[in-house]
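Peer 1: here is my input; please provide its structure:
(one chain, ligands or ions: 1)
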Amino acid sequence: MTSRNKIVAATDQLLKRLGPRKVSRDGERKYLASFDSSKLSYDYEALVRVRTEDDVGEVLRLANEYKIPVTARGAGTSLTGSASPVRGGWVMDLSAMKRIAIRKDKSMAVVQPGAVVSDIQGAAAKEGLFYPPDPSSLKYCTIGGNIACNAGGMRCAKYGVTRDFIVALEGFLPTGEKVSWGGEYRKFATGYNIRDLWIGSEGTLGVVTKAVLKLVPMPKATWTCVAAFKTEKRALSAVKALLGEGMAPSILEYLDEDSIYCAEEIAGIRLFKKVEGKPLLLIEFDGDPVELQAVKRKLKPWVDRWALAFKDARSQSAADNLWEVRRKCSGAMFALGNAKLNEDIVVPLESQLKFIDEIKRLRKKWKLPMPTFGHAADGNFHVNIMFHREDREEHRRAEGAVHDLMQTVVALGGTISGEHGIGLAKSPFLPIARNAAEIAAMKAIKKALDPKGILNPGKLFESYQVWDKTPVDIRLPWDKKPILKA
Ligand SMILES: Cc1cc2nc3c(=O)[nH]c(=O)nc-3n(C[C@H](O)[C@H](O)[C@H](O)COP(=O)(O)OP(=O)(O)OC[C@H]3O[C@@H](n4cnc5c(N)ncnc54)[C@H](O)[C@@H]3O)c2cc1C
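Peer 2: Numbering: from 1, shown residues only. Reported below is the predicted structural model:
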């Protein structure tokens, strides 16, 4: 059988077993699943909208029999192409499997993979519980996608990433066999911890069909404040000092001078009357109101020593106003270029001052704007390389700048991704961050669990010329609109 005939026969079988409501060979829904938020679109054979665990097992077993590539998909918000079906085959959409059950007595949530993260947080909040991981895409992205990418967010400063909240996972090996790694209990010391291997594996080692999540008590109060600093280096030195004093903000976001330019000059947001164009730290603490009073007292000498200007929010709406600067600067960046490479590199605390010099060097060398903001407590910065897509020469410079950035952060002791993962967009850079033995170990695990290479093939290890591929021209629900001063 030719490979074309084989995939047609396999899809006929799939249609027979799951029915036409779950399997589509064409249509708009199928097209929309040919790419994720990277907008790198690839042709594939059929979209399978699974509804039950049995459906998932059925798809994978058939895929193994006929050797058909399968790409699992949640909401498709991945920024790296990890959910784009680069090798064709079938896309398995798990977004309809979205049940959420809160186990208040155990402080756990038992969820299906398609549950949207903000819905999980809402269900937990009704029981006075809290699921802290907060990717900015939380109103859209699914827990299955978050587990596969080990998603982070602003609150990682205090609470950690998705991995820190996974108690157990259940699902299918790429071969279609059912497995569970842990259960609704906190401890397990029963063989290899493959649960943690699945987390962050970008859907290449297994398909999650159920997750048990750890919940924590809902903090009773939050306190938000913002500080401006004379220089970027002073802002990041202040971060080190704050953490060094044992303070544990739930959020600690840094915005560099270019980001502030975008917020102030382009979006028209000014937080301080007398201080203009200066880098900021947006800080939030959460906890008991009495605890927060103590935090305020403890922060005062830090403010006096480091900050040029400072203000805090006395109400939720005042806090929302402070956050506007972070929310709006992202959209405002599109005044600097119609395309953005949003990198999510990590730099250890001790190298952050050198990192500022390196960003300046990169801007000068590649002659491109690179507003940089991000999660200062864990050194996970978003370097936004702005360029004009239609300008081939500028496009090539952006490509060179990313390569240079990746080498730079690794030389500083950091790594190339803190939360978005590798997917297609960063696979050319994996050998910069991982040595040959490390990559060989990863490939050996992949081979052992997925001998036929069924699950999400072509990701992580293979270098695609994604730069030469034109992204689809479509505005997704979560895309930031360019913002200009009113
Ligand atoms: C506006 C915007 C803001 C963002 N902000 C953040 C942020 O702050 N922090 C952050 O970490 N990320 C962020 N992201 C990236 C993205 O939202 C995350 O990577 C998210 O985890 C993807 O979830 P998803 O449901 O959309 O997964 P998809 O994009 O559908 O898939 C992502 C990966 O997960 C795999 N996968 C999906 N479901 C399963 C499953 N059930 N079993 C196994 N594998 C599966 C896919 O195969 C793919 O490899 C942002 C994206 C956007 C568009």
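Peer 1: what pLDDT does the residue nearest the centre of the chain get?
Peer 2: Geometric centre of the chain, nearest residue: H420, 3.8 Å, by Cα atoms, centre = their mean. Note on H420: pLDDT of 95.
Peer 1: so who does it touch?
Peer 2: 78-80, 149, 342, 344, 426 (Cβ atoms under 8 Å, 6 or more residues apart in numbering). All C-beta spots, glycine's among them, are computed from the backbone N, C-alpha and C.
Peer 1: among those, which are in helices?
Peer 2: Among those, DSSP state H puts C149 in helices.
Peer 1: get me the contact residues on the chain for the ligand.
Peer 2: Counting by Cβ under 6 Å from any ligand atom, the residues of the chain close to the ligand are 36-37, 71-79, 82-83, 94, 113, 135-137, 141-142, 144-146, 148-149, 151-153, 202-203, 207-208, 419-420, 456, 478.
Peer 1: now intersect these with the helices, please.
Peer 2: Residues of the residues of the chain next to the ligand located in helices (DSSP H): 144-146, 148-149.
Peer 1: can you tell me how far H395 sits from the ligand?
Peer 2: Using Cβ to the nearest ligand atom, to the nearest Å, H395 is found at 21 Å from the ligand.
Peer 1: mind starting the numbering at 10 from now?
Peer 2: Noted, 10 is the first residue going forward, which turns the last one into H404.
Peer 1: so S210 sits against C158, correct?
Peer 2: No. Using Cβ atoms under 8 Å, S210 is not in contact with C158; the gap is 9.3 Å.
Peer 1: neighbour count winner among these two?
Peer 2: More crowded of S210 and C158, by other Cβ atoms under 10 Å: C158, with 30 against 24.
Peer 1: out of everything not next to it in sequence, what's closest to that one?
Peer 2: Excluding the flanking residues, the one nearest C158 by Cβ to Cβ, 6 or more residues apart in numbering is G430, at 4.5 Å.
Peer 1: what about that neighbour, neighbour count?
Peer 2: The local packing of G430 (other Cβ under 10 Å) involves 25 other residues.
Peer 1: before we move on, what about D329?
Peer 2: 12.
Peer 1: contacts only, for the closest residue to I492 other than its chain neighbours.
Peer 2: The shortest distance from I492 to any non-neighbouring residue, by Cβ to Cβ, 6+ apart, is to G340 (3.9 Å). Residues near G340 by Cβ under 8 Å, 6+ apart: 276, 489-492.
Peer 1: filter those to the buried ones?
Peer 2: 276, 489, 492 (16 or more other Cβ atoms under 10 Å).
Peer 1: what's the closest of the residues you listed to the ligand?
Peer 2: Closest to the ligand out of those is K489 (6.8 Å), distances taken as Cβ to the nearest ligand atom.
Peer 1: what's the end-to-end length of stretch 48-65?
Peer 2: Its start and end residues considered, stretch 48-65 measures 26 Å (Cα to Cα, to the nearest Å).
Peer 1: flag every buried residue along it.
Peer 2: Residues 48-51, 53-59, 62, 64-65 are the ones in stretch 48-65 that count as buried (16+ other Cβ under 10 Å).
Peer 1: ok, now stretch 397-416?
Peer 2: Neighbour-count burial for stretch 397-416 [16+ other Cβ under 10 Å]: 403-404, 406-408, 410-411, 414-415.
Peer 1: also stretch 198-217?
Peer 2: Within stretch 198-217, the residues scored as buried using 16+ other Cβ under 10 Å are 203-204, 206-217.
Peer 1: and the contacts of it?
Peer 2: 65, 69, 80-81, 91-92, 101, 103, 122, 153, 156-159, 171-172, 175, 177-183, 188, 190-191, 430-432, 454-455, 458-459, 464-465, 468-469.
Peer 1: how about the helix or strand of the chain with the lowest mean pLDDT as CSV, C-alpha atoms only?
Peer 2: Using mean pLDDT, DSSP states H and E, helix 325-341 stands out as the lowest-scoring helix or strand of the chain, at a mean of 91. Taking Å, rounded to 0.1, in the frame of the first residue of the first chain, the C-alpha atoms of helix 325-341 are listed here in CSV:
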residue,chain,number,x,y,z
GLN,A,325,-8.8,46.5,43.4
SER,A,326,-9.6,49.1,40.7
ALA,A,327,-6.4,51.0,41.6
ALA,A,328,-4.5,47.7,41.3
ASP,A,329,-6.1,47.1,37.9
ASN,A,330,-4.9,50.6,36.9
LEU,A,331,-1.3,49.7,37.8
TRP,A,332,-1.5,46.5,35.8
GLU,A,333,-2.6,48.5,32.7
VAL,A,334,1.0,49.4,32.0
ARG,A,335,2.0,45.7,31.7
ARG,A,336,-1.2,44.8,29.7
LYS,A,337,-0.9,47.7,27.3
CYS,A,338,2.8,47.7,26.6
SER,A,339,2.5,44.4,24.7
GLY,A,340,0.0,45.6,22.2
ALA,A,341,1.8,49.0,21.9
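Peer 1: show me how far it is from its chain's centre.
Peer 2: When C-alpha coordinates are averaged (Cα atoms, centre = their mean, to the nearest Å), helix 325-341 and its chain have centres 20 Å apart.
Peer 1: swap in stretch 225-242?
Peer 2: Its chain's C-alpha centre and that of stretch 225-242 lie 21 Å apart, by Cα atoms, centre = their mean.
Peer 1: what do you get for stretch 82-95?
Peer 2: Using Cα atoms, centre = their mean, the offset of stretch 82-95 from its chain centre is 11 Å.
Peer 1: what of stretch 193-207?
Peer 2: 23 Å.
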